[in-house]
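Peer 1: What follows is a predicted protein model with its sequence.
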Amino acid sequence: MNQRRSRRPAPRPPEGTPAPAELARMARSGLAAAARVARWADAALGPGGDSATTDGKATLSDATAERAARDLDLTPDQVRADWDTARLAGLIEVHGDTARPGWRLRAWNRDDSAVLRGWVALCDAWSLAYPEPEEYEAAAVAEVVTAMPQVLSFLQLSAGPVPVPQLLDLLQQRVTELRTERCEVDYVPQPEASGADADRPGAPESPAPWPDASAPEASRTEAARPDAPRAHTSGAAGARSGPGTGLRPRVPLQRPRPAPAVPADADAPLEPLLDWALRALASVGALTYGDGQATLTPLGSWAVWVKLEQICVAAQSPAGNIEQGAEDMLRGCAQLRPNAARAEYRAWLAARPVGSAVTELIEAARGEDALLRGLAFEALRVVGAPAEPEVRTVLDEPTLRPYALLWLAEHDGADPEDAHEVLTREEATWLWVDTAAAVADHGEAPLLVRHLESAVQPTVPALLTEVRAVGHPRTVQVLVALAAAHPDPALAKAVRRAAFQVHTGG
């Protein structure tokens with residue numbers, strides 16, 4: 001395949017960044033307690049062992065925590081903390097009430113990249129590793145979590161201690177930007193009255209939506225003024241308009257409206273939330289925090305630099321994939337070689353929350369384009385463990401089930417060459433047709449002919465019989481394309497006959 005992409009020299013980390021081997025040693029040291037609990041779980045909670053959890057939420061059961069505390073000479077609270085760290089770092093995977101070692105634990109002593117990825121996964125989950133203060137609204141916490149990457153970038157560029165007041169100022173600016181970005185023109189429907197009735201005092205009027213409770217006070221005040229030129233809408237009280245919403249702007253109501261009440265918790269102070277965020281990041285080893293200042297650790301500085309580099313790589317892409325939705329991003333990567341495509345996937349993922357990125361990729365896989373289906377699951381392979389819960393939810397969808405089964409098998413450590421063994425004959429045949437549809441739509445004729453060799457059936461007649469039975473919606477198109485591409489006239493005739501039979505229901 002042609003790969004039209006400008007060559008970019010391999011970036012060098014900032015001066016003073018330790019070598020990868022030294023960074024991995026730091027990560028192993030920081031995660032030593034978590035790795036110890038993970039190894040204990042591997043030995044004590046393996047097949048035939050006790051259950052790890054009882055609530056189905058990966059929370060360590062009391063009995064198991066006490067047993068681990070006795071075996072490891074720890075307190076139950078220490079065991080629980082190390083257990084949670086191990087899960088976030090991908091050292092332990094919990095399925096129902098069963099725990100098993102993650103692939104990173106298997107590679108812990110021999111693969112520095114696996115160790116560093118595990119630490120980065122923990123760092124990315126810092127807000128889960130150190131619970132937020134209960135007295136604050138989830139919306140305020142979410143704003144701070146969303147704004148912290150910019151704070152971390154500033155710390156990384158500063159390359160030294162930064163006073164907390166300076167970080168607080170930056171956080172306040174970023175939170176204000178986030179709130180401003182959510183502000184949209186307040187559109188409400190015109191009343192049905194017309195003519196004289198439309199201007200008659202007391203004519204029916206649609207309820208006015210409240211201003212966004214998370215918006216800055218000045219914006220809310222402006223929205224509340226009767227003569228304000230525009231306001232913003234929030235939640236189910238009004239309909240949003242703008243790019244990507246699929247809604248057409250409604251005609252704004254020009255009539256003055258009374259100022260609505262403002263929720264009392266709209267201006268939650270950010271100082272305590274910044275303190276929580278810095279303590280949480282310090283707890284995972286990303287920075288040091290004390291004496292009124294914060295400093296990134298070598299691991300933290302390296303991790304932030306890697307994220308920034310991934311975004312820079314995507315920003316230099318001719319297609320600008322980092323700004324695209326999942327479907328357009330996958331289309332933009334379709335002509336790239338595998339390594340280049342994976343780099344694009346990593347950059348695209350680095351620029352958005354993992355949860356929403358996984359959801360977007362799954363939605364792209366549900367579309368009609370079989371090529372995008374395959375590419376979406378390739379991108380999900382780059383995501384790794386965080387994608388597992390959502391991948392499992394699509395096992396009941398016939399279109400996605402074969403892809404999900406292969407993904408899960410590889411995630412569980414199966415060799416990609418042997419992962420197909422988890423598929424039933426029918427699932428393997430369905431996947432063969434789906435892949436053939438992608439080749440027929442986007443590839444060349446010789447590729448479709450070679451695709452015959454990947455079928456699980458030993459002969460072409462057996463393949464055609466099972467293809468007809470599997471009921472894939474693209475069966476006819478695939479068989480017609482295969483017949484047109486195959487150089488053997490007799491085989492092409494048999495394939496055309498099968499296509500006709502499927503088409504006519506024979």
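Peer 2: Arrived safely, thanks for sending.
Peer 1: Which helix or strand in this protein has the lowest average pLDDT?
Peer 2: helix 217-224 (a mean of 36; mean pLDDT, DSSP states H and E).
Peer 1: Could you point out the helix or strand that follows that one?
Peer 2: Per DSSP states H and E, the first helix or strand lying C-terminal to helix 217-224 is helix 271-283.
Peer 1: just checking, what packs against that following helix?
Peer 2: helix 126-129, helix 138-158, helix 164-181, strand 287-290 (3 or more CB pairs under 8 Å, 6 or more residues apart in numbering; DSSP states H and E). Heads up, the C-betas are built off the backbone N, CA and C, glycines and all.
Peer 1: Which of those sits closest to Arg12?
Peer 2: Closest to Arg12 of these, according to CB to CB: helix 138-158, at 14.7 Å.
Peer 1: per-residue pLDDT, Ala409?
Peer 2: Model confidence at Ala409, given as pLDDT, is 89.
Peer 1: Please apply the same query to Glu363.
Peer 2: pLDDT at Glu363 comes out at 94.
Peer 1: and it, what does it touch?
Peer 2: Ala326 (CB atoms under 8 Å, 6 or more residues apart in numbering).
Peer 1: Confirm that it sits in a strand.
Peer 2: No: in this structure, Glu363 is helix, not part of a strand, as judged by DSSP: H, G, I helix; E, B strand; the rest coil.
Peer 1: can you tell me how far it sits from Val480?
Peer 2: Distance of Glu363 to Val480, given as CB to CB, to the nearest Å: 29 Å.
Peer 1: try Leu91
Peer 2: 50 Å.
Peer 1: out of the two, which sits in the busier spot?
Peer 2: Taking other CB atoms under 10 Å, Leu91 and Val480 do not tie; Leu91 has more neighbours (30 against 18).
Peer 1: from memory the more buried one sits against Ala99, does it?
Peer 2: No: counting by CB atoms under 8 Å, Leu91 does not reach Ala99; the two are 10.4 Å apart.
Peer 1: pLDDT below threshold where in the stretch 151-300 of the chain?
Peer 2: 182-268 (pLDDT under 70).
Peer 1: wait, the stretch 401-506 of the chain
Peer 2: Using pLDDT under 70, the flagged stretches of the stretch 401-506 of the chain are 506.
Peer 1: now the helices for it?
Peer 2: Assigned by DSSP state H, counting those that start in this stretch, the stretch 401-506 of the chain shows helices spanning 401-411, 425-442, 445-451, 460-470, 475-485, 489-504.
Peer 1: how about these in TSV, adding distance to Leu31?
Peer 2: Shown next, in TSV, are these (distance: least, CB to CB, whole Å):
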stretch	distance to Leu31
helix 401-411	20
helix 425-442	37
helix 445-451	44
helix 460-470	46
helix 475-485	48
helix 489-504	55
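Peer 1: So which of the ones you listed is nearest Ala326?
Peer 2: Once the helices of the stretch 401-506 of the chain are compared by CB to CB, helix 401-411 is nearest, at 14.8 Å.
Peer 1: What residues does the residue nearest the centre of the chain make contact with?
Peer 2: Nearest to the mean C-alpha position of the chain, by CA atoms, centre = their mean, lies Val354 at 2.7 Å. Shown in contact with Val354 (CB under 8 Å, 6+ apart): 124, 383, 386-387.
Peer 1: run the last query once more with 6 Å
Peer 2: Pro386 (CB atoms under 6 Å, 6 or more residues apart in numbering).
Peer 1: so how far is Gly384 from it?
Peer 2: Distance from Val354 to Gly384, by CB to CB: 10 Å.
Peer 1: do Phe154 as well
Peer 2: In terms of CB to CB, Phe154 sits 28 Å off from Gly384.
Peer 1: do Gly16 as well
Peer 2: Taken as CB to CB, the span from Gly16 to Gly384 is 29 Å.
Peer 1: Same question for Ala121.
Peer 2: For Ala121 relative to Gly384 (CB to CB), the value is 8 Å.
Peer 1: So these two - more neighbours on which side?
Peer 2: Shown here are Ala121 and Gly384; by other CB under 10 Å, Ala121 has more neighbours (20 against 17).
Peer 1: That one: what's it in contact with?
Peer 2: 89-90.
Peer 1: With Ala34 instead?
Peer 2: Applying CB under 6 Å, 6+ apart, the residues contacting Ala34 are 82, 85-86, 91.
Peer 1: so it sits in a helix?
Peer 2: Yes: Ala34 sits within a helix when classified using three-state DSSP.
Peer 1: His451 reaches Ala436, doesn't it?
Peer 2: Yes: proximity of His451 to Ala436 meets the contact threshold set by CB atoms under 6 Å, at 5.5 Å.
Peer 1: And the residue nearest to the centre of the chain, how close does it get to Asp124?
Peer 2: 7 Å.
Peer 1: Next: Val284.
Peer 2: Taken as CB to CB, the span from Val284 to Asp124 is 9 Å.
Peer 1: And for Ala68?
Peer 2: In terms of CB to CB, Ala68 sits 26 Å off from Asp124.
Peer 1: Which one's more surrounded, these two?
Peer 2: For Ala68 versus Asp124, the count of surrounding residues by other CB under 10 Å is larger for Ala68: 24 against 19.
Peer 1: Just list the residues touching Leu60, thanks.
Peer 2: Leu60 touches 80, 83, counting by CB under 6 Å, 6+ apart.
Peer 1: Beta-bridge partners for it, please?
Peer 2: Thr53 (DSSP bridges).
Peer 1: ok, back up a step: next step: the contacts of Ala34 restricted to strands.
Peer 2: With strands defined by DSSP state E, no entry of the contacts of Ala34 lies inside them.
Peer 1: Need these in a markdown table (columns: pLDDT and distance to Ala21).
Peer 2: Below are the contacts of Ala34 laid out as a markdown table (pLDDT from 0 to 100; distance: CB to CB, whole Å):
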| residue | pLDDT | distance to Ala21 |
| --- | --- | --- |
| Asp82 | 89 | 25 |
| Thr85 | 88 | 22 |
| Ala86 | 87 | 23 |
| Leu91 | 86 | 20 |
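Peer 1: Could you single out the nearest of the residues you listed to Ala140?
Peer 2: Thr85 (25.7 Å).
Peer 1: Might you report the residue contacts of the closest one?
Peer 2: Counted by CB under 6 Å, 6+ apart, Thr85 has contacts Ala34.
Peer 1: Name the residues of stretch 455-472 that are buried.
Peer 2: 455, 457, 460, 463-464, 466-468, 470, 472 (16 or more other CB atoms under 10 Å).
Peer 1: next SSE after the helix or strand harbouring Leu372?
Peer 2: Using DSSP H and E, the element containing Leu372 is helix 370-383. Later in the chain than helix 370-383, the nearest helix or strand by DSSP H and E is helix 388-393.
Peer 1: mind saving the C-alpha coords of that next one as CSV?
Peer 2: What follows is helix 388-393, C-alpha atoms only, in CSV (Å, rounded to 0.1, in the frame of the first residue of the first chain):
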residue,chain,number,x,y,z
GLU,A,388,-12.2,-4.7,27.6
PRO,A,389,-15.5,-3.9,29.4
GLU,A,390,-17.1,-2.3,26.4
VAL,A,391,-15.7,-4.9,24.0
ARG,A,392,-17.4,-7.6,26.2
THR,A,393,-20.7,-5.8,25.9
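Peer 1: contacts for that helix?
Peer 2: Contacts of helix 388-393 (CB under 6 Å, 6+ apart): 358, 362, 404, 407.
Peer 1: how about the residues you listed, which pair is most distant?
Peer 2: Val358 and Ala404 (12.4 Å).
Peer 1: OK, contacts around the residue nearest to His472 when sequence neighbours are not counted?
Peer 2: Distance criterion CB to CB, 6 or more residues apart in numbering; nearest residue to His472, sequence neighbours excluded, is Val433 at 4.0 Å. Shown in contact with Val433 (CB under 6 Å, 6+ apart): 467, 472, 475, 478.
Peer 1: State the number of residues packed around Gly374.
Peer 2: 18.
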